[in-house]
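Enquirer: give me a model of this one.
(2 chains)
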Amino acid sequence: MSDLDAYRQEARAFLEGMAPRYARAARRGNSVEQDLALGREYMAAKHDAGFAGINWPVELGGQGLTHLHKITFDAEEMQFGMPVQFFGISLGMPVPILMHYCEDKAFVKERVVKALRGEEIWCQMFSEPSGGSDLAALRTRVETDGNGWKMNGQKIWTSWAQYCDYGVIVTRSDPTVEKHKGLTYFWIDMRAKGVEVRPIKLAGGDSHVNEVFFDDVRIEDSQRLGAVGGGFGVSLHTLMIERYIATDSAGFGPHLDEFVSLAREVELNGQPALRDGRVRSAIARNHAMRAGLDSITKRAFLMMQAGMQPGPEGSLQKLVAVRSRQKLSELAMDLQGNAGLAFDPHAFVKTDWGTSWLNAPTGRIAGGSDEVLLNTIAEKILGLPQDHRPDKGVPFNQIPA
Amino acid sequence: MSILYDEGQQAIATESRRVLDARMSKDRLLTLLEQVGEHDRPFWDTAVEQGWTALAIPEEHGGLGLGLTELGLVAQACGAATAGAPFLTFGYGAARALIEGGDAELAARWLPALASGEALGTVAFAEGNSALPPTPTVVFAEGRLHGTKPAVPGAIKADLAVTWADRGGEPVLVLAELAGAGRNPISSYDNSRLYADLEFSGTPATVLAEGAAARSLALDVLARMAVVTAHEQVGAAEALLHIARDYAVTRKAFGQQIGAFQSIKHRIAEMYGLVEIARANCIHAAASEGGENFIVAAADARISATEAYDTNARDCVQIHGGIGVTWELGLHLHMRRARSLAVETGSLYFWEDLLVSRLAGEGA
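Expert: As a prediction, the model looks like this:
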């Protein structure tokens, strides 16, 4: 048995031990606050057991294992429905960026351990009303203020900001140069004076994203991550950190088996829906597509194990999987007919078709919209030209609004 | 199971591509479209010379003893070049039936000849839109075949056909030597596939398997051929992706490369997605040969590869505009091949149903 297989078994044993108290069934009916409290408790237990910060350096509070150990654990954990959603971004991007760029290592280590234990949560503030896909169009500005900085502006779509202690943020420090060149990156204290967080209620009824407003917020220069004017590079670095994460070919919606079970249970034209050619075709096409994504994942894993860089086809995962989840959810609702009109806004996305359907658009927009992902594939993998960009080479403050 | 190709496999992929790049000719393929009864002989000579006919036949029968992964890589190179002759896939299918069938003498007689390319084999299972009809109309009685297998690939030239027939309500898989069988050549949109109706009127044949064993062997043979075909489809779909990409960065309209328009670049990015998903399924299916989940893996590969080749043929032509539909440019070689391959080893209807039967644990 390979080291990773053994590790997978250890992980599984740990997770099975945790499941009765923390997994999906135990969370049913929790309010967000209850679920967060449970999540913090689970994170602490995970840290105590040595399954936190798996691939992070030991000297900063991690376990010092490989990236493969981490995605092995994550893939197992994903199957249990543990209350980890609050911590995914925090540990996925902001904290690793802090580890990389912040020079005060004692401060970093304290933050890392608290973040791993779920005692502190970090958010990532990139998108703004004027720029989501077009990140470098952002307008939140910083000006020098004595030996530090003063920030004004607004961010939006910031996940879990209402529960966050810290955040990383990219701002405009120089509007007189091209838009990518005048950006600077900081970490900030979300409790600082002048920071205001307002939750946004989403279509599915939950409010995990926020608007964040900044009114003369003071930032010390020691909070800067990377060079003045180097913020775009640090932002790209942030987005690249989690390039090879544990994926889900079901697009974070219900497994295809759930659809097959439904089609077996309900009737269509006097026979089990599973006998209907349209239903069979949908099942078969989805199976073929998801099996392909799973094989891509397995091969990427094998390549990493062999010390190679996985192929670019991994970039298809989110694009293809979430789109298919959205359509399959619609088909499942059609199969349920008026029995599927009942809706529970607190149902789990992995087990409930209505919730999966209503939240699917978020998956197609957040973390790179379908359109941006297609552009990336076309430009970076296939070498097709960039779109026409009238703002190219133009100083930010001269771009027509 | 999924694998990374080893050095030997990578060499097969590179070498088969290189040989075909050097020897294939679009003009030759265009000429063949308008002739009934001819396949691409220079291609077939190359296949024999390179040992592709021997690749997946066991060493004790004069083959090279490699497997579906290696044959798949050759098929991928053939697909990219719209090269190929039906025997690459169907000769392999016939060989598999002989290897697994219960007649050692027949195997000893035919397998070395199939491996060396001296004999051409095919597989006659399908009738109409049924790739493996539950009750075939071709009947086997007292050692002889009666009835017609319509439009069998390679049948114009094949020496033998592994045939799916009915014997008193039970299926039977038999080997028929075709010297005495009638052949009615079909004029097709993809003539080098050598389609002919095989007309059996008392043609002698030998049983390879019967009853449930015949059904499971026939399904295994069909699934293996489908995986070879899926590789061919992936190679072709990938070639179309590259052709479309190259055209989109060359051709200009409205003052810029057409590849800068999202209607074009997103279409090409989607083509890439179809290719990579189908490729991943092919690698997995080939590496699963002989395993418990092989039929499911083969169905996944076949479904995604058919979708990829059909879509990429359609979209590549569309991206080219008017020039794309000319005889001379030859994109219609891919359009034609996309459809002939989509049908030959069982259509989407067949594989979708089979896959769902397996997933749902339905009988069969």
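Enquirer: please count neighbours and contacts with C-alpha atoms only from this point.
Expert: Will do.
Enquirer: quick one: average confidence on the one helix or strand A:Leu36 maps to?
Expert: For A:Leu36, the host element (DSSP states H and E) is helix A:32-48. Here helix A:32-48 scores 97 as its mean pLDDT.
Enquirer: for that helix, which positions count as buried?
Expert: A:Asp35, A:Leu36, A:Leu38, A:Gly39, A:Arg40, A:Glu41, A:Tyr42, A:Met43, A:Ala44, A:Ala45, A:Lys46, A:His47 (16 or more other C-alpha atoms under 10 Å in any protein chain shown).
Enquirer: and the contacts of that helix?
Expert: Helix A:32-48 is contacted from outside by A:18, A:22, A:27, A:52-53, A:82-84, A:86, A:116-119, using C-alpha atoms under 8 Å, 6 or more residues apart in numbering or on different chains.
Enquirer: need the max-distance pair from the residues you listed.
Expert: Largest separation among the contacts of helix A:32-48 by C-alpha to C-alpha: A:Arg27 and A:Gly53, giving 24.0 Å.
Enquirer: mind listing what's buried in the helix or strand following the helix holding A:Leu36?
Expert: Sequence order places helix A:67-78 as the next helix or strand after helix A:32-48, per DSSP H and E. The neighbour-count check on helix A:67-78 (16+ other C-alpha under 10 Å) flags A:His67, A:Leu68, A:His69, A:Lys70, A:Ile71, A:Thr72, A:Phe73, A:Asp74, A:Glu76, A:Glu77 as buried.
Enquirer: domain ranges for chain A?
Expert: With domains defined by automatic domain parsing, chain A comprises A:3-84, A:123-241, A:256-381.
Enquirer: pull the distance from the longest one to the chain's centre.
Expert: In other words, domain A:256-381. 17 Å (C-alpha atoms, centre = their mean, to the nearest Å).
Enquirer: what's the span of that domain from first residue to last?
Expert: Domain A:256-381 has an end-to-end distance of 30 Å (C-alpha to C-alpha, to the nearest Å).
Enquirer: returning to what we had before: who wins for neighbours among the contacts of helix A:32-48?
Expert: A:Gly118 (26 neighbours; other C-alpha atoms under 10 Å in any protein chain shown).
Enquirer: name the SS class of that one, please.
Expert: Secondary structure for A:Gly118, judged by DSSP: H, G, I helix; E, B strand; the rest coil, is coil.
Enquirer: now for residue 146, how many residues are close by?
Expert: You didn't say which chain, so I picked chain A. 9.
Enquirer: chain B, not that one
Expert: Using other C-alpha under 10 Å, B:His146 is surrounded by 19 other residues.
Enquirer: so it is in which element?
Expert: strand B:144-152.
Enquirer: by contact count, what packs against that strand?
Expert: strand B:121-124, strand B:139-141, strand B:196-210 (3 or more C-alpha pairs under 8 Å, 6 or more residues apart in numbering or on different chains; DSSP states H and E).
Enquirer: run the last query once more with 10 Å
Expert: Judged by 3 or more C-alpha pairs under 10 Å, 6 or more residues apart in numbering or on different chains; DSSP states H and E, strand B:144-152 is in contact with strand B:121-124, strand B:139-141, strand B:160-167, strand B:170-177, strand B:182-185, strand B:196-210.
Enquirer: tabulate those strands (JSON lines), appending distance to chain A and mean neighbour count.
Expert: Listed next are those as JSON lines, based on distance: least, C-alpha to the nearest C-alpha, whole Å; neighbours: other C-alpha atoms under 10 Å in any protein chain shown:
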{"stretch": "strand B:121-124", "distance to chain A": "26", "mean neighbour count": "30"}
{"stretch": "strand B:139-141", "distance to chain A": "30", "mean neighbour count": "21"}
{"stretch": "strand B:160-167", "distance to chain A": "26", "mean neighbour count": "26"}
{"stretch": "strand B:170-177", "distance to chain A": "25", "mean neighbour count": "23"}
{"stretch": "strand B:182-185", "distance to chain A": "34", "mean neighbour count": "19"}
{"stretch": "strand B:196-210", "distance to chain A": "29", "mean neighbour count": "21"}
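Enquirer: coming back round to it: and the buried residues of helix A:32-48, which is closest to B:Phe200?
Expert: Checking those one by one against B:Phe200 (C-alpha to C-alpha), the nearest turns out to be A:Lys46, at 70.7 Å.
Enquirer: distance-wise, check the closest one relative to A:Val84.
Expert: Computed with C-alpha to C-alpha, the distance linking A:Lys46 and A:Val84 is 11 Å.
Enquirer: in chain B, where is pLDDT below threshold?
Expert: Along chain B, segments meeting pLDDT under 70 span B:1, B:363-364.
Enquirer: so what are the domain limits for it?
Expert: Taken from automatic domain parsing, chain B resolves into B:7-116, B:121-210, B:216-360.
Enquirer: put together JSON lines for those domains, with distance to A:Glu59 on each row.
Expert: Shown next, in JSON lines, are the domains of chain B (distance: least, C-alpha to C-alpha, whole Å):
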{"stretch": "domain B:7-116", "distance to A:Glu59": "40"}
{"stretch": "domain B:121-210", "distance to A:Glu59": "63"}
{"stretch": "domain B:216-360", "distance to A:Glu59": "39"}
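Enquirer: closest to A:Leu135 out of these?
Expert: The closest of the domains of chain B to A:Leu135 is domain B:216-360. By C-alpha to C-alpha, the value is 19.2 Å.
Enquirer: one step back: which residues do A:Lys46 and A:Val84 both contact?
Expert: Both A:Lys46 and A:Val84 are in contact with A:Arg40, A:Gly118, where contact means C-alpha atoms under 10 Å, 6 or more residues apart in numbering or on different chains.
Enquirer: and the strands in the stretch 51-200 of chain A?
Expert: Ranges of strands within the stretch 51-200 of chain A are A:122-125, A:141-145, A:148-159, A:166-172, A:183-189, A:195-200, based on DSSP state E, counting those that start in this stretch.
Enquirer: these into a markdown table, with extra columns for mean pLDDT, distance to chain B and mean neighbour count?
Expert: Shown next, in a markdown table, are the strands of the stretch 51-200 of chain A (pLDDT from 0 to 100; distance: least, C-alpha to the nearest C-alpha, whole Å; neighbours: other C-alpha atoms under 10 Å in any protein chain shown):
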| stretch | mean pLDDT | distance to chain B | mean neighbour count |
| --- | --- | --- | --- |
| strand A:122-125 | 97 | 28 | 27 |
| strand A:141-145 | 97 | 32 | 18 |
| strand A:148-159 | 97 | 26 | 21 |
| strand A:166-172 | 98 | 28 | 25 |
| strand A:183-189 | 98 | 27 | 24 |
| strand A:195-200 | 98 | 31 | 18 |
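Enquirer: just so I know, which of these lies nearest B:Gly322?
Expert: strand A:148-159 (45.3 Å).
Enquirer: quick one, that closest one and strand A:195-200 angle?
Expert: Going by axes from the mean of the first three to the mean of the last three C-alpha atoms, to 10 degrees, strand A:148-159 is angled at 10 degrees with respect to strand A:195-200.
Enquirer: packing partners of strand A:148-159?
Expert: helix A:88-92, strand A:122-125, strand A:141-145, strand A:166-172, strand A:195-200, strand A:209-219.
Enquirer: so for the longest one, what gets flagged as buried?
Expert: Of the residues in strand A:209-219, A:Val209, A:Asn210, A:Glu211, A:Val212, A:Phe213, A:Phe214, A:Asp216, A:Val217, A:Arg218, A:Ile219 count as buried by neighbour count, 16+ other C-alpha under 10 Å.
Enquirer: partners of it, with directions?
Expert: Within its sheet, strand A:209-219 is paired with strand A:148-159 (antiparallel), strand A:195-200 (antiparallel), according to DSSP bridges.
Enquirer: rebuild those strands as a markdown table, extending it with distance to B:Gln50.
Expert: Formatted as a markdown table, those follow (distance: least, C-alpha to C-alpha, whole Å):
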| stretch | distance to B:Gln50 |
| --- | --- |
| strand A:148-159 | 59 |
| strand A:195-200 | 65 |
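Enquirer: out of those, nearest to B:Ile186?
Expert: strand A:148-159 (62.2 Å).
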